[in-house]
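J.: I would like to see how this sequence folds:
(chains A, B and C)
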Amino acid sequence: MSAIIEVQGVIKDYPLGKLSVRALHGVDLTIARGEFTAIAGPSGSGKTTLLNLIGCVDVPTEGTVVFDGAVTSKLSDRELTRLRLEKLGFIFQSFNLVAVLSVFQNVELPLLLQGGIGNDERKKRVVDILDRVGIGKYIGHRPNELSGGQRQRVAIARALVTRPKLVLADEPTANLDSVTGGQILGLMKELNQQQGVTFLFSTHDHRVMELAGRIVQVQDGRVVDDGKQGKTPTSASAAAPTPAAH
Amino acid sequence: MSLSPNILGALCALVAVASPLAVAAPTDVPQPGVLGGPPGGGAVPGEADLVQMLKVVDDRQANTGDYRSIAYLEQKEKGKADTAFEVVFYRRDADDKLMILFTKPKTEAGKGYLRVDKNLFLYDPTVGKWERRTERERIGGTNSNRQDFDESRLAVEYTPKFVAMEKLGKHDVTHMTLSMKEGVDVAFPTVELYIDKDGNILKREDKALSGKLLRTTYYPKWNRIYSESKKGDVYIPGEIRIFDEVEKGNSTLIQIRETDLRPLDANLFTKAWLESKSR
Amino acid sequence: MFALVRLLVHLGLQSLKAHRSKTLIVGGLMTFGAFLVVVSLALLESVERGTRQSVVESISGDIQIYDKLAKDKLSLFGGFTFGTEELGNIPSFNKVKDAIAAVDNVRAVVPMGIATAGVKSPGDLDHALDDLRKAVDVGDRSQIHDLSARVKSIARVLLEQQAKQAAITETAASSESKVLLERALSDELWADMDRDPGGTLDWLESKLGPLGEQGNQAFMRLVGTDMPTFEKVFNRVRIVEGTAVPPGARGVLVGKSLLDKRLKFSVAMFLDLVHNERTKGETIATSTVLKETLQKAQRASPRIAYLLPPREVPAVKDALAKELAQPPSTELVPLLSSFFQMDDANFERRLKLFYDVIGPRIQLYPFKVGDTITLSSFTKSGYLKSMNVKVYGVYTVQGLDESIIAGALSLVDLVTFRELYGQRTAVLDDELAAMKKSAGIKEVDRGTAEADLFGGDDDIAVTVKTVEGSGVGTGSSDPVIEKVVRDEQMTFDQNTVGDGLVLSIAVMLKDPSKLRATLAALSKVCEPLGLQAVDWQQATGFIGQITLVVRAVLMTAIFILFLVTIVILNNSMVMATLERVSEFGTLRAIGAQRGFVNAMVVFETAVLGFLSGLFGAGLGVAFVTWLHGVGIPAPADLLQVVFGGPRLYPTVEASNVVAGLVATLIVGILATLYPARLATRVQPVVAMQGKD
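T.: A predicted model of the protein is given here:
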């Protein structure tokens, strides 16, 4: 059980005018390789803050976040950015693709940023991952020519093309209809089960809860349940078997 | 030349004797001098009186015969080095002729002016050329004018008007304004003339037609010389100081000496004569 | 790495496409900026080349050297102190020549000095009388005949004028003139002419002479120089008539435009003026100025009548009568008067007739090539100096034949120049001091003059004795004047001409582009010699400065334009950046460094800048090429010098295009600095907020 993320005694304050607001009141959390974990909690619970810290886009005010052995608060912005590039993948609820780039170019981008990968190798990896997420046919299209679900597939491909240690998905299904959403989640579960990609979700979607192996409950800036004991059943919902990928 | 030589002769003697006395006398009331002064001493002289005065002034300077003098001219100009000339000038008033011959400095020697009637010609021997000049010519480029060397014809050329009896230094002077007569070509259309009681011009201010003051001339010294042909004295300015009133700081000094009233060469006043001087 | 750059370029291009209107506005501005830079630099450099040609290659050389202690600045074409500049002096050209010529890049060294002299053209009557006297002296019967006829013609014209005047006002002076003129036309007088020419001439000169027109004086600005060297070095000087002044000869080369615009026969000058204006598009019918000029020509036309030798009159009358469709028996003066009633229809024809028929038969110019003229100058010594000089030829500056400024300088040999410049010598000073001493006059101050002169007790009138001397009445007591040496020395030793005074030295360079460096080197050499060196722009005063002024104005205008562009560009970029916050945030989140985001913004503008720059520069090149084909006319005479001719044919150099591109790029990058910084400040956190 190798931990990718170790959150220890993390406190996060935000300045608000002359005052500061405490978003996290001392959080401990560990995420291990291969997990398919959801972080749940109402708005304002500190869930987003926690995700920011885990995603290395922010650093704690007190305490440490250790990502794959590196203490994030000790890293420079340059090093943190590099870390994100190489070891993290992001999936956003609004897909956040670069509109002026083709599907291929969008997915290629992180590899280019990484550097040190030859033209052919790059091409191969992009084509492979696009096929894997089932969007190979649209390799030359622009995002605006694709449906929401297709775009999210591209986003997943982009997140995975660098073979990251952890993929963070922030409300990935929020802008998708229920059918497409289910397909996307299915894809991600597949990747998790077949290739061992570690996923960490921030979500309200109950289907994620059902698919997740662990649910972390956050409330009022604290982890009230770190889900190690097993899942607490959420509202019962008939999770219909998902039809074939769109 | 209407005043008879006798009176002139007598008056010359009078002046020679009286002048030291005249200085001591009070000068509030214009002393009857050569000019006669206005009768009673208080009334303003009329035009006829003034014309008479001018005639006296002209006559004193006139000579019936020939005339030759040497003059030294010194020109000062603001911001430049002084220049000077020495000239010999000749007159034959009977024929209205004037000749000025430059003798010094070496670079100017041989140049000359010849006046015949209304014509003024300038000669330069270095180039062998004669040139027609106008009444307004500045002799040698100085502030002096042809008329400063020539016979005095104020009564003929101007109409006088009385201004006031004034004082110039220690001398009482009659101040009158002269206006150019019609059809006459002179260098200065308007002249403020200041003459002493003997008829010597002490000061004159030369003005343009517009009234602008062009130059102020002082005659602090007059030479009196006896003329055989005139049977009387001829008065010649010994020193003339001309101050430029337009280009302030410019002035010309003329010193006249070595006057010779004996007859001159018959053909002196010709172009050929001047040319021969430098060949 | 290269792929990354390609990506950035691609991103830039795409972004530009996405924001069409913004791209067009900013792109348009930058295109205009590049266009402006290219065109103005091309024009400016063309003008500088033009001025260079006009000035450098015709008189000033690349560099001018003159006395360090000069009170005034050197201004070859005349500053505002016309002819009276104090330029100090260089006592001996030969002493400094070698040191200057030894400096690297110096091709040639030419001594020169500027003086102003007047050349007089006497009035027609005086001229005729002068020539008549000369003819009488040598006994040239045919000349005497012609000139007598001319004098009579002039007298006739004067009599007619007097009659017209008398009809209006009768004065004593004018009736006197009538008497004189009638005598001048009488047979008795001319009979006397044969008998006693001297006396008759005297009478003519003193009685008739004053009735004629006054002559006039034209001022020539003279450049005294070593003529053979000058001719070799300044090869834009073109002799259009006559020859160059031979080595060792005293002579003058007159500027053609001076001759044509100042000294030419007045009627011809008036016609030339009308002709020039008509070629520029003016018409007699619509221009009061041209009508008045033609009237002046008509009024002056009687002069033609008496300038024509009598035997030429019939041919002229025939030609005029034919043109005017009048009987050939008509008198010349009325024919001339009708002839000069010109309009647009007949002008060109009559102009041609004038120059074909009348021109060759009269003297169009007061002197011609081969004549000896008299130049008079007020020298630095304070005295007037006159010198006879032979006119060897007439010159213009190639390409500037029409400009008065080009021909404004006449070239004269160094020896004549030195005489006319007339430095004050110690000999003269000594002589003047001696004169002053012997006169013994005391100085008097203007302010205290009256008190000083008239405040004393001395008599005003003092008796003096007349001068005694031997002999009676022969003026033997006259001072003796030494024989005056007429300045007929028309030659001099060419080899020694460099030993004397010059006022300045023109330096021609082998490679003009190295002017700055050579100027610095020359200044070092000049300093211990008591000299200073200036470039041609400073030496030609106002004219040289024109290009500097134009350059300054242009650069300021361009600078302002670019400032405005930067501001506008900056604004629109900032707005764009703010719009794309989530995009930047995302990229940062997925691992793009700050530098990458920065580069994105900068590249976008760089690409736009590069493309607009290319386009603008291209337009600029096309425009200048078109101007080159058409030519820009010089509306004023002064501009002809600056344009190097009546029209400017600008060319565009590669450096101008590069400047345009570079300027645009720099503007673009400067404008992006702030927005790019903004972009990098976007926190990756922003991406996580998500859109709703």
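J.: Next, residue C:161: secondary structure please.
T.: helix (DSSP: H, G, I helix; E, B strand; the rest coil).
J.: now residue A:64
T.: Under three-state DSSP, residue A:64 comes out as strand.
J.: Wait, it touches residue A:26, no?
T.: No: Residue A:64 lies out of contact with residue A:26 (C-beta atoms under 8 Å); the separation is 12.0 Å. For every residue, glycine as well, the C-beta is placed using N, CA and C.
J.: what number of residues lie near residue C:237?
T.: 21 (other C-beta atoms under 10 Å in any protein chain shown).
J.: again, but for the one 3 residues further on
T.: For residue C:240, the neighbour count with other C-beta under 10 Å is 10.
J.: Check residue A:9 too.
T.: Residue A:9, neighbours per other C-beta under 10 Å, totals 12.
J.: and what of residue B:262?
T.: 21.
J.: do residue A:223 as well
T.: 22.
J.: Which strand or helix spans the residue in chain A positioned nearest to chain C?
T.: Using C-beta to the nearest C-beta, residue A:85 is the residue of chain A that sits closest to chain C, at 2.5 Å. Using DSSP states H and E, residue A:85 sits within helix A:77-87.
J.: cool, and residue C:551?
T.: Here residue C:551 is assigned to helix C:541-579, by DSSP H and E.
J.: pLDDT on that helix, on average?
T.: Across helix C:541-579, the average pLDDT comes to 83.
J.: ok, now which ones touch residue C:503?
T.: C:66-67, C:87-90, C:112-114, C:421 (C-beta atoms under 8 Å, 6 or more residues apart in numbering or on different chains).
J.: From residue C:64, how far off is it?
T.: 10 Å (C-beta to C-beta, to the nearest Å).
J.: again, but for residue B:271
T.: 46 Å.
J.: Compare neighbour counts for these two and give me the winner.
T.: residue C:64 (23 against 18).
J.: of all the residues in chain A, which ones are close to chain C?
T.: A:48, A:51-52, A:55, A:57-58, A:77-78, A:81-82, A:84-86, A:88-90, A:92-94, A:96, A:98-101, A:105, A:109-110, A:112-115, A:119, A:122, A:158-159, A:162, A:170-171, A:174 (C-beta under 8 Å from any C-beta of the partner chain).
J.: From those, list just the buried residues.
T.: A:48, A:51-52, A:55, A:57-58, A:81-82, A:84-86, A:88-90, A:92-94, A:96, A:98, A:100-101, A:105, A:109-110, A:112-113, A:122, A:158-159, A:162, A:170-171, A:174 (16 or more other C-beta atoms under 10 Å in any protein chain shown).
J.: Restricted to strands, list the residues you listed.
T.: The strands, defined by DSSP state E, take in A:88-90, A:170 from these.
J.: Closest one to residue C:11 out of the residues you listed, please.
T.: residue A:90 (19.3 Å; C-beta to C-beta).
J.: Over in the stretch 301-450 of chain C, which residue gets nearest chain B? Let me know.
T.: For the stretch 301-450 of chain C, C-beta to the nearest C-beta, closest residue to chain B: residue C:382, 3.9 Å.
J.: Find the nearest non-adjacent residue to that residue, please.
T.: residue B:83 (3.9 Å; C-beta to C-beta, 6 or more residues apart in numbering or on different chains).
J.: Residue B:67 now?
T.: Per C-beta to C-beta, 6+ apart, closest to residue B:67 is residue B:91, 4.3 Å.
J.: beta partners of that neighbour?
T.: Bridge pairing for residue B:91 (DSSP bridges) gives the partners residue B:67, residue B:98.
J.: burial measure for it, as a count.
T.: 24.
J.: by contact count, what packs against the longest strand anywhere in chain B?
T.: Determined from DSSP E, the single longest strand within chain B is strand B:213-227. Packing partners of strand B:213-227 (3 or more C-beta pairs under 8 Å, 6 or more residues apart in numbering or on different chains; DSSP states H and E): strand B:201-207, strand B:232-244, strand B:251-260, helix C:449-454, strand C:461-463.
J.: possible to save those as CSV with distance to chain A, mean neighbour count and mean pLDDT?
T.: Formatted as CSV, those follow (distance: least, C-beta to the nearest C-beta, whole Å; neighbours: other C-beta atoms under 10 Å in any protein chain shown; pLDDT from 0 to 100):
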stretch, distance to chain A, mean neighbour count, mean pLDDT
strand B:201-207, 90, 22, 93
strand B:232-244, 86, 22, 91
strand B:251-260, 89, 21, 89
helix C:449-454, 90, 18, 84
strand C:461-463, 109, 15, 80
